[in-house]
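Asker: what follows is a predicted structure for the sequence shown.
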Amino acid sequence: MFSARKALPRLFLGQAWKKSPLQQESLYDIVIVGGGIAGTALACALTSNPVLKNQRVALVEAMDLAPTKAWTPVDHQYSNRVVSLTPGSLQFLERTGVASYLDPTRVYKYGDMEVWDGVTGARITFDTDLLDSHDHNEKQTIASMVENVHLQSAMLKRLEASPSVGAHIDIFQNTRVSSITNESSSGQLNLSDWPTVTLDKGNILKARLLVGADGIQSPVRNYAGIDSLGWDYDSHGIVATLQLDPSRSQQKAWQRFLPTGPIAMLPLGEGYASLVWSVPTELASTLKGVSSEDFCSLVNAAFRMTPSELSYLYSTFKKDTFQSTCDIAAEYIWREQTTLAALDSDGEWKREISLPPTVTKLSEKSRASFPLRMRNSEHYMTDRVALVGDAAHTIHPLAGQGLNQGLLDVACLSRVLESGVLHGQDIGSINLLRDYSTERYGRNILMLSSCDKMHRLFGTDILPITWIRSLGLSAVNSLDGLKAEIMRYAMGIESQK
């Protein structure tokens, strides 16, 4: 004889409500804690899926989501928080209906990327024309630059439209989680193993499946007793929005690996780019404190000058006032002129096109920083709990894969839940959720470890190591087939061969 607890997985909550003494509004199939991009993306995946849209879903977010949903683009104004969406991530957004809410004028695609060693000058060029020649497809893009607020706004608008397809979601915003516990229940249904989420406004939500999309300090992960392993890099990522020399076309991504960390310039639109610059914590304080003019000169220098020249420029700044003992702009111009004087016109032109456009201005109030960490949870699920995004893993930004990994987590989890519903399984069962963890854990570990090794490999100017890595870069650059495979993996389309 089956107990009510065992029979429940074969029922939607709507069928079970009358049997439960709990208040109807407190029972949910899925409760998502965290209304950032990963959590909102999961809500979109659930409500857009014909198999899952009848699940009762709650989304809990501590912040007010109204300003984000109401976001509209302003010409020549870009947020400093952007994401480089891979084609794999864009396909997910198209499947969930989010892509139709994106403003195409604020989705900037690029198909080329230059990556080079700041010590030896060895470089590798990624061009999606290689995918055309090997796959016989139309030209693809490596990634598309989208502001985080734009992406999340599109997701919230998609959720707002969910009733039109017969789906419903309860959004609890401006409210924090006070506690997550397991509480005994009475009546015909034994829901004692369902997590009970208590909100600071008094709401009590009981979840068949609790999803943690609540960031690196995840309360859901803590409730589940899942350890997060990793380390801090004693480095910060400096982000900013840059205005560029209008005489140069900006349709390419650029990344230079320096001993202090990589610097990357990513296209936002004609004349604008997003900067991500990884540097030691002490240097990050200086870069945030210097004047806008000095900052632009230092960015230009970081893409052009030798590490020893850069070290000299950094050393001229006083730590208390962030004032330089020399004229940084004049120093930069003099050193550039000295370099160019040794080149003929052809050499000067070749050097120019091998480097990104010159930064002319820093967008107002766009400079910020964040600490760099590497974290990975011991596992991504336990009974009735699943983790996605930063709650499960955090990665060094040098490959721009953090948010893409989170979206791939969401896509995988939604597929697993769909399969569970179709086969009459309990969507909170560890036996079902293990499929999600198995698929995503290995792939995330591969990306995490690859980025960590690259950070360590390029974060030194020791001669034997620089010689070996330069040989490696040059070798890979000469192998078009290998470069195509690397691009497919980074773009999330490696299965489309």
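Answerer: Thanks, I have the structure now. Numbers count the residues shown, from 1 in each chain.

Asker: pull out the buried positions in stretch 443-457.
Answerer: By 16 or more other C-beta atoms under 10 Å, the buried positions in stretch 443-457 come out as Asn444, Met447, Leu448, Ser450, Cys451, Asp452, Met454, His455. In this view, the C-beta of every residue, glycine as well, is placed from N, C-alpha and C.

Asker: got the contact list for that stretch?
Answerer: The contact list for stretch 443-457 (C-beta atoms under 8 Å, 6 or more residues apart in numbering) reads 233, 257, 261-262, 278, 374, 376, 392-393, 395-396, 398-399, 401, 405, 408-409, 465, 469.

Asker: for those, which PyMOL command selects only the ones that are buried?
Answerer: Typed into PyMOL, the line below selects the buried ones among the contacts of stretch 443-457, using 16+ other C-beta under 10 Å:
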select buried, resi 233+257+261+262+278+374+376+392+393+395+396+398+399+401+405+408+409+469
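
Asker: which of the contacts of stretch 443-457 fall in strands?
Answerer: Using DSSP state E, the members of these that fall in strands are Tyr233, Phe257, Gly261, Pro262, Ser278, Met374, Asn376, His393.

Asker: which one of those is nearest to Thr460?
Answerer: The closest of those to Thr460 turns out to be Phe257 (C-beta to C-beta; 10.3 Å).

Asker: the closest one and Phe458 touch, don't they?
Answerer: Yes: counting by C-beta atoms under 8 Å, Phe257 does reach Phe458; the two are 3.8 Å apart.

Asker: anything in contact with each of these two?
Answerer: Asp117.

Asker: about what we covered before: can you tell me which of the ones in strands among the contacts of stretch 443-457 is closest to Gly35?
Answerer: Gly35 has its nearest neighbour among those in His393, at 19.2 Å by C-beta to C-beta.

Asker: who's the closest one bridged to?
Answerer: Asn376 (DSSP bridges).

Asker: could you pull up the contacting residues of it?
Answerer: Arg375, Asn376, Ser377, Gln405, Asn444, Leu448.

Asker: any stretches of the stretch 1-150 of the chain with poor pLDDT?
Answerer: Across the stretch 1-150 of the chain, the ranges flagged by pLDDT under 70 are 1-25, 132-139.

Asker: for it, what spans make up the strands?
Answerer: 27-33, 57-60, 82-85, 108-110, 112-117, 123-127, 143-147 (DSSP state E, counting those that start in this stretch).

Asker: burial measure for Gly36, as a count.
Answerer: As a burial measure, Gly36 scores 21 neighbours (other C-beta atoms under 10 Å).

Asker: equivalent analysis for the one 3 residues further on, please.
Answerer: Summarising burial for Gly39: neighbours were counted as other C-beta under 10 Å, giving 27.

Asker: need the strands of the stretch 1-150 of the chain in CSV (columns: distance to Ala240 and mean neighbour count).
Answerer: Listed next are the strands of the stretch 1-150 of the chain as CSV, based on distance: least, C-beta to C-beta, whole Å; neighbours: other C-beta atoms under 10 Å:
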stretch, distance to Ala240, mean neighbour count
strand 27-33, 31, 25
strand 57-60, 31, 24
strand 82-85, 11, 26
strand 108-110, 17, 20
strand 112-117, 20, 20
strand 123-127, 24, 18
strand 143-147, 14, 24
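
Asker: ok, now which ones touch the residue nearest to Ser291 when sequence neighbours are not counted?
Answerer: Distances taken as C-beta to C-beta, 6 or more residues apart in numbering place Phe322 nearest to Ser291, at 7.8 Å, with adjacent residues excluded. Residues near Phe322 by C-beta under 8 Å, 6+ apart: Thr286, Gly289, Val290, Ser291.

Asker: same check, this time on Val98
Answerer: By C-beta under 8 Å, 6+ apart, the contact set of Val98 is Ala41, Cys44, Leu151, Ala154, Met155, Arg158.

Asker: closest to Leu65 out of those residues?
Answerer: Met155 (9.9 Å).

Asker: what's that closest one sitting at in phi/psi?
Answerer: In this entry, Met155 is assigned phi and psi values of phi -70, psi -40 (degrees, to the nearest 10).

Asker: could you check how far it is from Tyr332?
Answerer: For Met155, the distance to Tyr332 equals 42 Å [C-beta to C-beta, to the nearest Å].

Asker: still on that earlier bit, a markdown table for the contacts of Val98, including neighbour count and distance to His168?
Answerer: Shown next, in a markdown table, are the contacts of Val98 (neighbours: other C-beta atoms under 10 Å; distance: C-beta to C-beta, whole Å):
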| residue | neighbour count | distance to His168 |
| --- | --- | --- |
| Ala41 | 30 | 18 |
| Cys44 | 28 | 13 |
| Leu151 | 28 | 23 |
| Ala154 | 24 | 19 |
| Met155 | 29 | 16 |
| Arg158 | 23 | 14 |
